[in-house]
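Trainee: Sequence plus predicted model, see below.
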Amino acid sequence: DSDDITEVENYTKNKYAEPNPELFGVAEGKNIIKIHLESFQTFLINYELHGEEVTPFLNSLVNDSEQNYTYFDNFFHQTEQGKTADAELIMDNSIYGLPQGSAFVTRGTNTYQALPAILNQQQGYTSAVFHGDYKSFWNRDEIYKQFGIDTYFDASYYDMSEENVINYGLKDKPFFEESMPLLESLDQPFYAHMMTLTHHHPYLVGEEDATIAPAETGDESVDTYFQTARYLDEALEQFFNDLKANGLYEDSVILIYGDHYGISENHNRAMSEIIGEEITPFVSAQLQRVPLLIKIPGVEGQGTVHEYSGQMDVMPTLLHLLGIDSQDYIQFGTDLFSEGHKEYVPFRNGDFITPAYSYISGTFYDNESGEEIEATEEMLKIKDEALLELELSDKLLNGDLLRFYTPNEEWTPVDPSIYRYGNESG
Ligand code: GP9
Ligand code: MN
């Protein structure tokens, strides 16, 4: 009820971090191209297999300052069983997924105040999601309406003939290629979310697409993980070339992120060979890093930034770059570029990571040594804070509390009945 939403509101307003004045509004009205790297973990960046870079293109964005990217190497996914769908929910709403199941499925008809709707109402953006799977997967065709997503270019818009498809759906190269005309057809400014798929467990790649030899751990999905990562990297390079050729690259915000881990704890033996150390619970938590890269037109890239952050922080960051103050909205994350950005990253299971230490399954570890440490008052306080935050987010979703919340005078509740997805002519 309204008491509950007040409790959530008080918490998030108190956590709010004021925007960095130098960056507030710098990207106002710019197209946003947000690229989802399926199952991509940070350890792949600059990793060499058989003396070869696995993802040379992504590495070039990270390493070459001329490319003007800011790369966050201590950025973590915060997903649970909802996997991709959790990443989508978190990044477009700055709220947590649920401890069990997928909120996309069980909370698909809730009221949301999501980024696509806010951008549309505040700055006239159109929004579109591009993904080579069918629209009902993860209940996207229902919840996207609540997010105010104008168009969902699902598999029905793409050539899904046999040679184009592997594993869950469309291969990344035809996906990006066929997405170009669709992207160009959008009214500007747009918020475009491109979701890749080929680099997905069990990492299947046809011989014609394998341009790096597999690893040799003997664990099939770990070994081919590098091959689909390479394929994704090549697909991305091709997409960037097309964006440049079509004049969409230079003046767009480009945001690239990994959605969640690709190698689960079932593969610890093989992974320990890959990274050259034993996969303890502490190490496993550190492996939950996924990449985040941002390019902002007209703003110099900051290179590699070590700020600790999570997917929750992306929405307030984008809002501030566009010149929309995030404080009116219910958000658990804080702006990455803000001086007041909060550097503790809760995981969905109640574990959390800070720059100095990690809290994993009831034990505190020093990040530097990986050794168990005694908790201080301050550490216990942050632990309680992380738990409270998860609890409040669950209350918000389970009680559908955004029904009772009006962010500001300009806000109009999203009307899901006006959206329709799927290519009926195709
Ligand atoms: C399916 C794709 C995969 O459409 O998003 O989802 P995941 O299994 O990673 O949640
Ligand atoms: Mn995924």
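Mentor: On my side now, so go ahead. Numbering: from 1, shown residues only. Ligands and ions are numbered 1, 2, ... in the order given.
Trainee: Any buried residues in the helix or strand hosting Asn241, and which?
Mentor: For Asn241, the element it lies in under DSSP states H and E is helix 220-245. By 16 or more other C-beta atoms under 10 Å, the buried positions in helix 220-245 come out as 221-240, 242-243. Backbone N, C-alpha and C define where each C-beta goes, glycine included.
Trainee: which helices and strands does that helix pack with?
Mentor: Other helices and strands packing on helix 220-245, by 3 or more C-beta pairs under 8 Å, 6 or more residues apart in numbering; DSSP states H and E, are strand 32-37, helix 56-63, helix 172-184, helix 268-275.
Trainee: which parts of the third one are buried?
Mentor: Within helix 172-184, the residues that count as buried by 16+ other C-beta under 10 Å are Asp172, Lys173, Pro174, Phe175, Phe176, Glu177, Glu178, Ser179, Met180, Leu183.
Trainee: Could I get the residues you listed in TSV, plus columns for distance to Gly101 and pLDDT?
Mentor: Formatted as TSV, the buried residues of helix 172-184 follow (distance: C-beta to C-beta, whole Å; pLDDT from 0 to 100):
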residue	distance to Gly101	pLDDT
Asp172	28	98
Lys173	33	98
Pro174	32	98
Phe175	28	99
Phe176	31	99
Glu177	35	98
Glu178	32	98
Ser179	30	98
Met180	36	98
Leu183	33	98
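Trainee: picking that back up, averaged pLDDT, the helix holding Asn241. What do you get?
Mentor: The average pLDDT within helix 220-245 is 98.
Trainee: Stretch 195-210 near ligand 2 at all?
Mentor: No: using C-beta under 5 Å from the ion, stretch 195-210 stays clear of ligand 2, coming no nearer than 6.3 Å.
Trainee: what are the phi and psi values for Tyr359?
Mentor: For Tyr359, the backbone dihedrals (degrees, to the nearest 10) come out as phi -110, psi 110.
Trainee: residues in contact with it?
Mentor: Contact analysis of Tyr359 by C-beta atoms under 8 Å, 6 or more residues apart in numbering lists Asp351, Phe352, Ile353, Tyr365, Met379, Lys383, Ala386.
Trainee: of those residues, closest to ligand 1?
Mentor: Asp351 (20.4 Å; C-beta to the nearest ligand atom).
Trainee: Distance-wise, check that closest one relative to Val345.
Mentor: Distance, Asp351 to Val345, by C-beta to C-beta, to the nearest Å: 9 Å.
Trainee: Which of the two has more residues huddled nearby?
Mentor: The neighbour comparison of Asp351 against Val345 (other C-beta atoms under 10 Å) goes to Val345, with 26 against 19.
Trainee: so what's that one bridging to?
Mentor: On the basis of DSSP bridges, Val345 is bridged to Ile353.
Trainee: got the residues of this protein near ligand 2?
Mentor: Residues of the chain lying near ligand 2 (C-beta under 5 Å from the ion): Lys83, Thr84, Asp259.
Trainee: What is the nearest of the residues you listed to Ile275?
Mentor: Closest approach between these and Ile275, by C-beta to C-beta: Asp259, at 20.5 Å.
Trainee: For ligand 2, what's its nearest residue on the stretch 51-200 of the chain.
Mentor: Taking C-beta to the ion, ligand 2 has its nearest neighbour within the stretch 51-200 of the chain at Thr84, 3.2 Å off.
Trainee: what's the helix or strand hosting Leu119 packed up against?
Mentor: Element membership for Leu119 (DSSP H and E) is helix 115-123. Applying 3+ C-beta pairs under 8 Å, 6+ apart, one finds that helix 115-123 contacts helix 83-93, strand 126-131, helix 140-147, strand 190-195, helix 314-321.
Trainee: which other residues reach it?
Mentor: With contact meaning C-beta under 8 Å, 6+ apart, helix 115-123 is reached by 28-29, 32, 91-93, 125-127, 147-150, 189, 191, 315, 318-319, 322, 324, 329, 410-412, 414.
Trainee: what do you get for stretch 210-227?
Mentor: So stretch 210-227 is contacted by 39, 44, 49-50, 52, 54, 199, 201-205, 209, 230-231, 234, 262-263, 267, 269-271, 273-274 (C-beta under 8 Å, 6+ apart).
Trainee: Run the angle between the helix holding Leu119 and strand 32-37 for me.
Mentor: Relative orientation of helix 115-123 with respect to strand 32-37: 170 degrees, computed using axes from the mean of the first three to the mean of the last three C-alpha atoms, to 10 degrees.
Trainee: Please shift the residue numbers so they start at 699 in all later answers.
Mentor: Noted, 699 is the first residue going forward, which turns the last one into helix 813-821.
Trainee: Kindly report the residues of this structure close to ligand 1.
Mentor: Lys781, Thr782, Ala783, Asp831, Phe835, Tyr866, Leu895, His898 (C-beta under 6 Å from any ligand atom).
Trainee: Not counting its neighbours along the chain, what's nearest the residue of the chain found nearest ligand 1?
Mentor: With C-beta to the nearest ligand atom, the shortest gap between the chain and ligand 1 falls at Lys781, namely 2.8 Å. Excluding the flanking residues, the one nearest Lys781 by C-beta to C-beta, 6 or more residues apart in numbering is His958, at 5.6 Å.
Trainee: burial measure for that neighbour, as a count.
Mentor: Neighbours of His958 (other C-beta under 10 Å): 22.
Trainee: Would you check how far apart it and Glu840 are?
Mentor: 22 Å.
Trainee: Also Pro1014?
Mentor: Separation of Pro1014 from Glu840 (C-beta to C-beta): 26 Å.
Trainee: Name the residue in those two with the higher neighbour count.
Mentor: The residue with more neighbours, out of Pro1014 and Glu840, is Pro1014; 30 against 17, by other C-beta under 10 Å.
Trainee: now that one: how far from Ile816?
Mentor: 11 Å.
Trainee: Same check on Lys728?
Mentor: Distance from Lys728 to Ile816, by C-beta to C-beta: 15 Å.
Trainee: between those two, who's got more neighbours?
Mentor: Comparing Lys728 with Ile816 by other C-beta under 10 Å, the one with more neighbours is Ile816, at 27 against 20.
Trainee: Check the gap between that one and Tyr823 for me.
Mentor: Distance, Ile816 to Tyr823, by C-beta to C-beta: 9 Å.
Trainee: ok, now Tyr1055?
Mentor: Distance from Tyr1055 to Tyr823, counting by C-beta to C-beta: 40 Å.
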